[in-house]
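Trainee: Structure for this input, please:
(2 chains)
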Number of protein chains: 2
Amino acid sequence: MEILVTIQEMREWVAAKKAQRKKIGFVPTMGFLHKGHLELIKRARAGCGAVVVSIFVNPMQFGRNEDFSAYPKDLERDQQLAEWAGADVIFLPEAEEIYPPDFLSFVEVPKLSEVLCGAERPGHFRGVCTVIAKFLNLIQPDELFLGEKDAQQLLILETMIRDLNFPVAVVSVPTVREADGLALSSRNSYLNAKERQAASFIYKALAHARDLIRRGEFSAPVIISEIKRIMSSHPQVAWEYVEVVDAKTLEEVIELKGDVMIAVAAHVGKARLIDNLRLRVG
Amino acid sequence: MEILVTIQEMREWVAAKKAQRKKIGFVPTMGFLHKGHLELIKRARAGCGAVVVSIFVNPMQFGRNEDFSAYPKDLERDQQLAEWAGADVIFLPEAEEIYPPDFLSFVEVPKLSEVLCGAERPGHFRGVCTVIAKFLNLIQPDELFLGEKDAQQLLILETMIRDLNFPVAVVSVPTVREADGLALSSRNSYLNAKERQAASFIYKALAHARDLIRRGEFSAPVIISEIKRIMSSHPQVAWEYVEVVDAKTLEEVIELKGDVMIAVAAHVGKARLIDNLRLRVG
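Mentor: Model (predicted):
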């Protein structure tokens, strides 16, 4: 497995693979890989002749008071795991390589970026879209692998790719969970033992909501208050938002119908965690 | 010469040319072609194995009170001229093909888009960037041919392409002028005989400014007021802006030094015309 740090090296690698007519699969990450990332890499390996994993903690998608500098890192472990899962190359650029001092351009999907996580993290999805647009132009993948845990990010990137005609197919991969249901996230490493236990109640609340819906409860306000009640039963869990939205438009839903998403963000200790459930109702 | 109207047709044509390893040259236009466009097409023909000319009056780059519906059209003549100049294919999509009802994504270079033409045309350059980003992803050209008459557009697109790592080289082509100096523009067709004569004073004012600079006048305020004086001597010419800016940052310059641009926009009859002069001083 190769590690490439400059845009020039990455372009040359891509040109060589294109000349060999290899199908390129791309898995963007911020490193500190967990089983969710490895699932993405394995899927890319299974479907593509060449697999690129980027490790880049993108400063543009972090707000001033967020955990950019504290974001967990373990590059040696990441390399071993990525190679084990099937990566051919890690793209590991410095921030200055991606954003030189005269950088001025942005890509965004404003309507889908102002709700849910975007409401608390202004500029976050603009940062995500801009860096992924850059990586798509650099790596020119045939397939882009994204996790369903970051559901809003997935929808925004699918929209950007469709609207701007990027020649790439998006492959979305289901959330990988711990035994007690907690969605895997690099930020779970911020949790101490007590917080880790409490964090499982994010998923437990979502699972409870799914049970309610299966038993015929279609009122979003009722479902939302049930989720909040269960999360609040653990003093370590402070929910930021709990919403039921249309899965395509992210608009609030009052009565569950069609393709809906229940989306949750909560602070547990120093970690801001998100999770979601997608359901087809009726 | 082929005419393609759907994204699907365009993608297939591009795939075929890529399979033949042809170098693709791309000339984006809004149609009603003039010698300036033909120069771009000829340059593309000379350097590339496959030449795409798009004709698309991009609604996203027009403001509410601008000339979108009135923009001149003559498709039959455009076809003949484009073919004569060396185009292999015209991409002629409908607005709905480019912007379906659920379109939500944008590309922009805010800092360079708020001055000069952008000050009077909010959203204009966002529309330009977004449509060109789409066309670059669709057509995947090796070279993009742009005219220097639209100097701010050229700088913004060069910046977008550099920042977002689009794998394309920009070839800029000098402004083509009438015998009396008027820069060619599809909008010149709006002018009656008297207005046409008056419009030549836009360039005459710029040429006078160049003479002043050659004779050692480096004060931007002096140069600007001289340009305004000459344009105002014709009652049909109403200047919108006259500015001296740094050619790379578009920031205002007080004392001419280095790579500068004198940029002008003026209304003559129903036409809004722009022109510019780039100079290296000192």
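Trainee: Would you mind listing what in the stretch 101-250 of chain A touches chain B?
Mentor: Proximity of the stretch 101-250 of chain A to chain B, by C-beta under 8 Å from any C-beta of the partner chain, involves residues A:103-112, A:129-130, A:133-134, A:137-138, A:140, A:159-160, A:163-167. Using the backbone N, CA and C atoms, a C-beta is placed for each residue, glycine as well.
Trainee: Which among these count as buried?
Mentor: Buried by 16 or more other C-beta atoms under 10 Å in any protein chain shown: A:103-109, A:111-112, A:129-130, A:133-134, A:137-138, A:140, A:159-160, A:163-166, out of these.
Trainee: pLDDT score assigned to the closest residue to A:S105 other than its chain neighbours?
Mentor: Using C-beta to C-beta, 6 or more residues apart in numbering or on different chains and skipping residues adjacent in sequence, the residue nearest A:S105 is B:D163, 3.6 Å away. Predicted confidence (pLDDT) for B:D163: 98.
Trainee: Quick check: B:D163 touching B:V109?
Mentor: Yes - using C-beta atoms under 8 Å, B:D163 makes contact with B:V109 at a distance of 7.5 Å.
Trainee: Overlap in contacts, the two.
Mentor: A:L104, A:S105 (C-beta atoms under 8 Å, 6 or more residues apart in numbering or on different chains).
Trainee: Narrow the buried ones among the residues of the stretch 101-250 of chain A next to chain B to those in strands?
Mentor: A:F106, A:V107, A:E108 (DSSP state E).
Trainee: quick one: which of these is nearest B:V89?
Mentor: A:V107 (27.4 Å; C-beta to C-beta).
Trainee: so that closest one bridges to which residues?
Mentor: B:V107 (DSSP bridges).
Trainee: Spell out which residues sit in contact with it, please.
Mentor: Contacts of A:V107 (C-beta under 8 Å, 6+ apart): A:R126, A:C129, A:T130, A:A133, A:M160, A:L164, B:S105, B:F106, B:V107, B:A133, B:L164.
Trainee: So what's the predicted local confidence for it?
Mentor: Reported pLDDT for A:V107: 98.
Trainee: ok, back up a step: tell me which residues touch the residue nearest to A:S105, please.
Mentor: B:D163 neighbours (C-beta under 8 Å, 6+ apart): A:F103, A:L104, A:S105, A:K134, B:V109.
Trainee: Could you tell me the end-to-end distance of stretch A:102-115?
Mentor: Terminal residues of stretch A:102-115 lie 30 Å apart, using C-alpha to C-alpha, to the nearest Å.
Trainee: Show me where chain A has its helices.
Mentor: Secondary structure of chain A, counting by DSSP state H: helices at A:7-19, A:35-47, A:75-85, A:95-98, A:110-113, A:117-120, A:124-139, A:151-163, A:193-214, A:220-232.
Trainee: So which bits of the second one are buried?
Mentor: Judged by neighbour count (16+ other C-beta under 10 Å), helix A:35-47 contains these buried residues: A:G36, A:H37, A:L38, A:E39, A:L40, A:I41, A:K42, A:R43, A:A44, A:R45.
Trainee: Please apply the same query to stretch A:9-26.
Mentor: For stretch A:9-26, by 16+ other C-beta under 10 Å, it's A:M10, A:R11, A:W13, A:V14, A:K17, A:K22, A:I24, A:G25, A:F26.
Trainee: I'd like those laid out as a markdown table, including distance to A:L273.
Mentor: A markdown table is the format used below for the buried residues of stretch A:9-26 (distance: C-beta to C-beta, whole Å):
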| residue | distance to A:L273 |
| --- | --- |
| A:M10 | 32 |
| A:R11 | 36 |
| A:W13 | 35 |
| A:V14 | 35 |
| A:K17 | 36 |
| A:K22 | 37 |
| A:I24 | 32 |
| A:G25 | 28 |
| A:F26 | 26 |
